[in-house]
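**Q** fold the following and give me the result.
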Amino acid sequence: MAEEEYKLFQPLHLAVVENDYPRIIKEANNVLEHIPGDSDALKCKLVALIKNKDFKVALEAIEKEDALKTKDFEKAYCLYCLQRLDDALEVLDNMTRGPHEDELRAQILYRMEHFAQASTQYRSLLDAGGSSTDAPGIDDDIRCERTTNWLACVAGADGDVRGSRSQSARSLLPAGEELEIYEEHYNMSCVLLCRGKYKDALASIDEALRLGEEMLVLSDESITEDEIVEELALLHVQRGVILQSLGDDSGAMDVFTRVLKHKEDVAATVSAIASVNVIALNKTHNVFDSRKKLGSVTADSVQNKFNSAQKLRIGVNHALLLMYMNQTEACKKRLSEITADFPNSDVPALIHAAVLDRTSGKGPAKEASGGSGAQSSRAQKSLVEYLATRDTTGDGTADRVRLVLAQSWLRSGDARRAVDELTAPAGGDVRHQPAVVGVVVELLLRDDHVEDAAKVLGDAVAFWSAQAETHTAGGPGGATATRNMHTLLRAAASLKLRQRKYREAADMYERILDSDRQDAVALTQLIECLAQFNVEDAERYGEQLPPLELDEEEAAAAPAFSVDILEQHGRVAAKKSTKGKGKTVAAAQAAADESPSDPAAIAAEAAAAVGAVTKPKSKRKKRPGKIPANANLNIPPDPERWIPRFERAEFKRKHRKKAGLHYQVQRGTQGSASGGSGADSSASTAKASAPVQAPPPQQQQASPTKSTKKKKGKKKK
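**A** Purely as a prediction, here's the structure:
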């Protein structure tokens, strides 16, 4: 019996050693025919089915065979691969969890687009370190793979929520941990791209390309450049997206075009992403080429591999293309589909308003000429209706629509409604942003609503003060809140200073100095305010002013500064309008006598100042124009001296004696009036251009009966 089993398992063992999965399945079935329910053969068959991607058959075997009932991990993995994510997560929750189970759970959460939970799961695995595997050297590979997946989760969360971009992605890595493989650098570039750090993202993707090319060259020295592009097409597309975000549209287009040349050998999703970005770059140009590319993007086989954020962007580009092609009804239908799939997105509402604006006949040229309020009101009405349907709890879910509507009111000249929209309580945190507050304050000050502008600034300062207190000290949120609070506090203090409310302005500047004692600008403004009502405090703060730092040459060239001299300059400058040098000198001498400083120095300084003030300005003499040596001043000048010689009345054209009348007709540009002879017209010109009557020219008048037809000249021999 043992010999027969050995003969049955020998082929199965050889297939397992060679990793020939179809052959393993065949030999395992052969063993099960002779020994039904054998656990070893069933396990070999299950692993071979999973490796061969026959997940449905593997799941049926797990549910059918009693020997495989305990294979919960394999069952969860098969459910995950069959896109039955909820069932897979339920199986994992009901079993004992280890590193492998936690990693599969993180993968399921990522596929379900629960990026924050997946990121937390991967971070805990990385912090725990290692794995339960005893194979030597496997820990480094597993760590790199988990770091890559963790960065993918972080990028997914940032791309979905657009969270705190102020935090550096590098700071997420533990101290001493560096990125090693090109997949890690690629995902890091995705994180930096989502956070708006485009230059850092470009450097990261360039490093990923360098490492990828080195790896390919080491594996195959005969590899060609086109083959490298095919293998690293995803990285090239990512680089094109970053260049597009940096504004280098031509460079991005070159990258996408190069990848699309190899689209037959590139993954369908990669070529689809490149095509979508080409459509976005084309905009209103090459719309038929864009429409052709869009067909390969919207195929169901490709759409199933994209996540929700990618599907939304593809749908938005599709709707914009239809709008550019003036297919209004098709565009509205596509927008309805996007709204049904993504009810929380405000992009369809914005595109719908743009479609209404275009169909109303309001183009850029018409807008520049003023347009009409009725034409723009359709788009405005659409945005107002959309905002009315949104939740008004102040969560800021429709901030972009609110900003666009405010801009629309400004374009139509209704600043009051724009201010009301920007300061609406349902606007969320965006109404307290420094840029929005600055626009609102400027609009209110234009209409002399100073108190309203001060109230807006005060509310914004109070909001960011509360935010700075609630956030952790030193954290990115707290630093941003503190910076915004100081910016708005400085603007509010400046407004109070303009209103001459010196006490309130001084309080605000003191708050700024409490947080930053090195702020010299706030210190000088505070002294200016205190000088109006509290001179003692102004002098006390004046002692904190930094000294004037001069190098040796500047110090040698600079005069000795004195308050008395500065006051004396002010008194002397106030007497600029006083006539007579004696009065000014007397006033300067009287002020010098009152001063306790050195009289000689003050007298010299005052004398120099008086000399500078009372010294009359030298008037520049006008030189007479040069007159020719042979000019006769008793004869009036010729009024036609500025007219070209051939247009003067005395000018006679040299022509043949037997020439026709056409030589006597006035010459000029095409279309000029020629009602008479050249002599008459020249005479009239001379009469109109000069007050002195010129002597009439001696010109023979042409006979009215004589034919003016030009004679043909004889051919020269």
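**Q** S39: what's it in contact with?
**A** A67 (CB atoms under 8 Å, 6 or more residues apart in numbering). No exception for glycine: its C-beta is placed from N, CA and C like everyone else's.
**Q** quick check: it vs V31, distance?
**A** The gap separating S39 from V31 is 11 Å, by CB to CB, to the nearest Å.
**Q** cool, and E214?
**A** 46 Å.
**Q** and these two? Which one has more around it.
**A** Ranked by neighbour count (other CB atoms under 10 Å), E214 and V31 place V31 first, with 20 against 11.
**Q** next one: that one from A67, what distance?
**A** The value you get for V31 to A67, if CB to CB is used, is 13 Å.
**Q** what sits in contact with each of these two?
**A** With CB under 8 Å, 6+ apart, V31 and A67 have common neighbours D38.
**Q** could you list the low-confidence segments of the stretch 501-650 of the chain?
**A** Counting by pLDDT under 70, the stretch 501-650 of the chain shows low-confidence ranges at 548, 550-619, 621.
**Q** 90 instead, please
**A** Applying pLDDT under 90 to the stretch 501-650 of the chain flags the ranges 501-502, 505-528, 530-650.
**Q** show me the helices in it, by range?
**A** For the stretch 501-650 of the chain, the helices defined by DSSP state H, counting those that start in this stretch cover 502-515, 520-530, 535-542, 552-557, 563-574, 581-594, 599-614.
**Q** the stretch 101-250 of the chain too?
**A** Counting by DSSP H, counting those that start in this stretch, the stretch 101-250 of the chain has helices at residues 115-128, 138-161, 182-194, 198-219, 225-231, 233-245, 249-260.
**Q** how far does the third one sit from its chain's centre?
**A** Chain-centre distance of helix 182-194: 20 Å, with CA atoms, centre = their mean, to the nearest Å.
**Q** average pLDDT for that helix?
**A** Averaging pLDDT along helix 182-194 gives 91.
**Q** the fourth one now?
**A** The pLDDT scores in helix 198-219 average 92.
**Q** now the longest one
**A** Mean pLDDT, taken over the full extent of helix 138-161, equals 81.
**Q** ok, T257 touching V278?
**A** Yes: when contacts are counted by CB atoms under 8 Å, T257 is listed as touching V278 (7.5 Å).
**Q** more neighbours, these two?
**A** V278 (22 against 12).
**Q** okay, the closest residue to the more buried one other than its chain neighbours and H236: tell me how far apart.
**A** Distances taken as CB to CB, 6 or more residues apart in numbering put F256 closest to V278, at 5.0 Å, once the chain neighbours are dropped. Separation of F256 from H236 (CB to CB): 9 Å.
**Q** equivalent analysis for V535, please.
**A** From V535 to H236 the distance is 69 Å (CB to CB).
**Q** what do you get for R623?
**A** According to CB to CB, R623 stands 74 Å off from H236.
**Q** neighbour count winner among those two?
**A** Legend: neighbour count by other CB under 10 Å for R623 and H236, higher for H236 (23 against 6).
**Q** what's downstream of whichever strand or helix holds L312, the next helix or strand?
**A** Using DSSP states H and E, the element containing L312 is helix 308-324. As assigned by DSSP H and E, the chain's next helix or strand after helix 308-324 is helix 328-341.
**Q** next helix or strand past that next one?
**A** Downstream of helix 328-341, the next assigned helix or strand under DSSP H and E is helix 347-359.
**Q** what is the orientation angle of that next one with helix 308-324?
**A** Helix 347-359 and helix 308-324 are oriented at 10 degrees to each other (axes from the mean of the first three to the mean of the last three CA atoms, to 10 degrees).
**Q** point out where the stretch 301-450 of the chain drops to low pLDDT.
**A** In the stretch 301-450 of the chain (pLDDT under 90), the answer is 301-311, 313, 326, 341-346, 356-382, 384-402, 408, 411-414, 420-433, 446-450.
**Q** mind running it again at 80?
**A** 301, 360-377, 390-397, 425-429 (pLDDT under 80).
**Q** give the closest residue to V91 in space, chain neighbours not counted.
**A** In space, and not counting its chain neighbours, V91 is closest to A76: 4.2 Å by CB to CB, 6+ apart.
**Q** list the contacts for the one you found?
**A** 88-89, 91-92, 95, 101, 104.
**Q** kindly recompute the last result at 6 Å.
**A** For A76, the contact set (CB atoms under 6 Å, 6 or more residues apart in numbering) comprises 88, 91-92.
**Q** return the subset of these lying in helices.
**A** 88, 91-92 (DSSP state H).
**Q** from A118, how far out is E3?
**A** E3 sits at a distance of 52 Å from A118 (criterion: CB to CB).
**Q** helix, strand, or coil at the nearest residue to Q467 once chain neighbours are set aside?
**A** Leaving out its chain neighbours, the residue that sits closest to Q467 by CB to CB, 6+ apart is A481, at 3.8 Å. Of the three states, A481 takes helix under DSSP: H, G, I helix; E, B strand; the rest coil.
**Q** report pLDDT for A481.
**A** So, for A481, pLDDT stands at 84.
**Q** surely it touches A466?
**A** No: the criterion here is CB atoms under 6 Å, and A481 misses it with A466 at 8.4 Å.
**Q** of the two, who's got more company?
**A** Between A481 and A466, counted using other CB under 10 Å, the more crowded position is A481 (20 against 12).
**Q** what distance do you get for that one to E536?
**A** 35 Å.
**Q** repeat that for L403.
**A** 48 Å.
**Q** of these two, who's got more company?
**A** Neighbour totals were compared for L403 and E536, and L403 leads with 18 against 8 (other CB under 10 Å).
**Q** quick one, what contacts that one?
**A** No residues are in contact with L403 under the rule CB under 6 Å, 6+ apart.
**Q** ok, it to L383 distance?
**A** Counting by CB to CB, the gap from L403 to L383 is 10 Å.
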